[in-house]
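Visitor: Build me a model:
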Amino acid sequence: MEWHKLFSDTRLCRPDAAPQKGRSPFQQDIDRITFSAAFRRLAHKTQVHPLSTNDHVHTRLTHSIEAASVGRSLGTGVGEELAPRIGKQPTITRDTFGYVVQAACLAHDIGNPPFGHSGEHAIQSWFKAQKTNPSSRLFRKLHEMRYDDFTLFDGNAQGFRTITQLEDAKWAGGLQLTHAVLGTLMKYPCASTVVTDDYIGAKKPGFFGSEENYFRDVADNVSLQKRDNDAMSWSRHPLAFLVEAADDICYKIIDIEDGYELGYLSFVEAKDILWAIANDGSNLTALPAQESDQIGKLRAVSVGIAVNECIRVFMENNDEIVEGRFNHPLVELTKIKDQLHHASEMARARIFSSEAITRREITGATVIEGLLDIFAEVIVDLIDVEFQPKKLRGNTERLARLMGKPILRVDNPYSALLCLTDFVSGMTDRFAVDTCRTLKGISL
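Guide: As a prediction, this is how the structure comes out:
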């Protein structure tokens with residue numbers, strides 16, 4: 001892969017778009033994502049703690065903003081080293097690296113459904129049950145190869161669909177971001193039909209069949225390497241490793257701060273976990289007197305150390321990364337990998353497995369399955385009337401109205417099911433709960 005192609009600033013579906021004065025194309029991408037409706041909705045989507053009443057706890061929005069800040073630092077740090085080596089590309093500076101990674105980090109969770117990963121699993125489980133149920137009429141006439149887009153539903157692939165299809169210029173490139181940012185966003189540059197554990201970039205689907213042509217366009221423009229000529233799988237964009245690292249750093253470290261804030265971890269437990277990461281930091285000279293401020297200080301120093309370590313690992317493996325042969329998350333090769341792993345294990349044991357979160361995750365899954373049950377009626381009846389929405393009658397017609405204009409453009413089982421997942425996954429946590437309660441007659 002070649003850096004001057006990896007930084008392609010042409011836009012999806014707008015190759016002739018003129019640059020703006022005062023802002024680079026990648027800064028424009030940051031603004032387009034920030035002001036999108038899908039990004040705003042992240043304020044009311046779960047990061048770890050569903051429907052939390054504690055205003056200090058992270059949501060998908062605050063997590064995305066913080067990951068973008070860490071991502072910009074990672075990109076700038078790598079760019080400081082690499083930009084002078086690229087040569088003959090005066091427009092590629094250390095800040096160029098930073099802006100591209102920042103933009104991709106802002107959008108990395110934009111397709112996540114309500115209730116975080118438990119919501120993702122609920123959608124997958126519901127479709128798997130439909131597929132194996134002989135009496136289900138939902139998958140009638142759906143081509144076999146398209147099943148995986150639903151039984152392996154993933155927020156990453158839905159995110160790519162959201163920013164290329166559902167926002168702004170609908171069905172014509174969406175936010176029309178640059179190819180460089182779209183390539184960097186693709187943590188998993190593969191289709192659902194080729195998911196495998198053999199390669200870090202193919203563990204989950206990164207795009208659905210409906211966006212295959214868009215992704216091919218991105219891959220061609222930024223020179224991503226095809227991993228198999230016959231399969232829909234590519235090597236990652238090098239900067240995607242920095243997006244992954246920013247996400248890893250934020251949730252591994254900040255989950256501990258949230259756990260302390262909510263009382264799942266004592267002050268001593270949280271301090272010990274973060275101290276193990278931060279204790280060799282040059283900025284760790286003295287801690288504030290107040291306990292919560294001490295946790296905040298340790299979190300900040302820990303993030304800084306993790307950033308520097310990931311930059312070091314990236315640079316030491318730069319050739320392998322650019323050649324598409326690197327197959328590890330950056331954090332796993334840092335000198336603090338054991339401390340980060342311990343933080344993740346403590347979060348899993350003491351926070352994620354807590355009774356309160358378990359109850360809310362079960363509630364979230366029940367809500368999502370309930371919504372899919374209700375609105376699947378529209379899809380089944382649309383198949384019966386050969387995708388002529390005006391022929392829908394009774395309750396199905398009313399439900400179709402709630403789904404809005406997108407249901408009017410579906411013309412086959414695949415696009416109809418995508419419309420269903422778009423509708424449910426686009427909801428916020430509270431809107432999903434309120435809609436489910438209302439349509440089931442539990443509340444008015």
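Visitor: now the strand or helix carrying Phe375: how far from the chain's centre is it?
Guide: For Phe375, the element it lies in under DSSP states H and E is helix 355-384. With CA atoms, centre = their mean, to the nearest Å as the basis, helix 355-384 stands 21 Å off its chain's centre.
Visitor: Just name whatever secondary elements it is in contact with.
Guide: helix 116-132, helix 394-403, helix 413-425, helix 429-439 (3 or more CB pairs under 8 Å, 6 or more residues apart in numbering; DSSP states H and E). Where C-beta positions appear, they are placed from N, C-alpha and C, glycine not excepted.
Visitor: show me what contacts Ala376?
Guide: For Ala376, the contacting residues are 130, 138, 420, by CB atoms under 8 Å, 6 or more residues apart in numbering.
Visitor: Now do it against Phe423, distance only.
Guide: 11 Å (CB to CB, to the nearest Å).
Visitor: can you give me the angle the helix holding Phe375 makes with helix 394-403?
Guide: Counting by axes from the mean of the first three to the mean of the last three CA atoms, to 10 degrees, helix 355-384 lies at 110 degrees to helix 394-403.
Visitor: Quick one: work out the angle between helix 355-384 and helix 116-132.
Guide: Angle, helix 355-384 to helix 116-132, by the same axes, to 10 degrees: 40 degrees.
Visitor: between helix 355-384 and helix 413-425, how many degrees?
Guide: 150 degrees.
Visitor: Low-confidence stretches in the stretch 1-150 of the chain?
Guide: Counting by pLDDT under 70, the ranges of the stretch 1-150 of the chain that qualify are 47-58, 87-90, 144-145.
Visitor: who touches the host helix or strand of His341?
Guide: Element membership for His341 (DSSP H and E) is helix 337-346. Residues outside helix 337-346 that contact it (CB under 8 Å, 6+ apart): 248, 252-253, 255-256, 259, 265, 269, 273-274, 276-277, 306, 331, 334.
Visitor: So which of those is the closest to Ser64?
Guide: Using CB to CB, Asp248 is the member of the contacts of helix 337-346 that sits closest to Ser64, with 14.1 Å.
Visitor: Give me the nearest residue to the closest one, chain neighbours excluded.
Guide: Val331 (4.7 Å; CB to CB, 6 or more residues apart in numbering).
Visitor: isn't the one you found right up against Cys310?
Guide: Yes - contact criterion CB atoms under 8 Å: Val331 and Cys310 qualify, at 6.4 Å.
Visitor: Same drill for these two, tell me which one is more crowded.
Guide: Cys310 (28 against 21; other CB atoms under 10 Å).
Visitor: residue contacts, that one?
Guide: 74, 242, 245, 249, 330-331, 334.
Visitor: got the angle between the helix or strand containing it and helix 337-346?
Guide: For Cys310, the enclosing helix or strand under DSSP H and E is helix 291-316. Using the same axes, to 10 degrees, the direction of helix 291-316 lies 130 degrees away from that of helix 337-346.
Visitor: Give the next helix or strand downstream of helix 291-316.
Guide: Per DSSP H and E, the helix or strand that comes after helix 291-316 is helix 318-322.
Visitor: Gln20: what secondary structure?
Guide: coil (DSSP: H, G, I helix; E, B strand; the rest coil).
Visitor: In contact with it, which residues?
Guide: Gln28.
Visitor: how near is it to Ile110?
Guide: Taking CB to CB, one finds Gln20 at 23 Å from Ile110.
Visitor: ok, now Ile383?
Guide: In terms of CB to CB, Ile383 sits 30 Å off from Ile110.
Visitor: neighbour-wise, which of these two wins?
Guide: Ile110 (27 against 18).
Visitor: Show me where the stretch 51-200 of the chain has its helices.
Guide: 60-86, 94-107, 116-132, 148-151, 155-161, 179-185 (DSSP state H, counting those that start in this stretch).
Visitor: for those helices, which one sits closest to Phe387?
Guide: Here helix 148-151 is closest among the helices of the stretch 51-200 of the chain (CB to CB), at 18.0 Å.
Visitor: Show me what that closest one packs onto, helices and strands only.
Guide: helix 116-132, helix 413-425.
Visitor: Quick check: which ranges of the stretch 251-400 of the chain have low pLDDT?
Guide: 280-285.
Visitor: What distance do you get for the closest residue to His237 other than its chain neighbours to Leu166?
Guide: Sequence neighbours aside, Gly183 is the residue nearest to His237 in space, at 4.1 Å (criterion: CB to CB, 6+ apart). Gly183 sits 20 Å away from Leu166, going by CB to CB.
Visitor: higher neighbour count, those two?
Guide: Gly183 (30 against 21).
Visitor: any idea how far Leu12 is from that one?
Guide: Taken as CB to CB, the span from Gly183 to Leu12 is 10 Å.
Visitor: Give the residues shared as contacts by those two.
Guide: With CB under 8 Å, 6+ apart, Gly183 and Leu12 have common neighbours Val218.
Visitor: What helix or strand is Glu269 located in?
Guide: helix 267-278.
Visitor: So for that helix, what gets flagged as buried?
Guide: 270-271, 273-278 (16 or more other CB atoms under 10 Å).
Visitor: mind putting those in TSV, distance to Glu80 included?
Guide: Output for the buried residues of helix 267-278, formatted as TSV (distance: CB to CB, whole Å):
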residue	distance to Glu80
Ala270	33
Lys271	33
Ile273	30
Leu274	27
Trp275	29
Ala276	28
Ile277	23
Ala278	23
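Visitor: residues of the helix holding His341 that come out buried?
Guide: 337, 339-340, 342-344, 346.
Visitor: Identify the farthest-apart pair in these.
Guide: Lys337 and Met346 (15.0 Å).
Visitor: quick revisit: mind putting the helices and strands packed on helix 148-151 into a markdown table with mean neighbour count and distance to Thr62?
Guide: Formatted as a markdown table, these follow (neighbours: other CB atoms under 10 Å; distance: least, CB to CB, whole Å):
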| stretch | mean neighbour count | distance to Thr62 |
| --- | --- | --- |
| helix 116-132 | 19 | 14 |
| helix 413-425 | 21 | 20 |
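Visitor: Distance to Ala83 added to those helices, as JSON lines?
Guide: Listed next are these as JSON lines, based on distance: least, CB to CB, whole Å:
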{"stretch": "helix 116-132", "distance to Ala83": "36"}
{"stretch": "helix 413-425", "distance to Ala83": "38"}
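Visitor: Okay, Asp258 and Cys419: tell me how far apart.
Guide: Taken as CB to CB, the span from Asp258 to Cys419 is 35 Å.
Visitor: quick one on the thing from earlier: can you tell me which of the buried residues of helix 337-346 is nearest Glu2?
Guide: Lys337 (30.8 Å).
Visitor: any idea how far that closest one lies from Ile249?
Guide: 12 Å.
Visitor: Could you find the closest non-adjacent residue to Ile379?
Guide: Closest to Ile379 by CB to CB, 6+ apart is Ala416, at 4.7 Å.
Visitor: Any buried residues in stretch 306-322, and which?
Guide: Those would be 306-307, 309-314, 317-318, 321-322, for stretch 306-322 by 16+ other CB under 10 Å.
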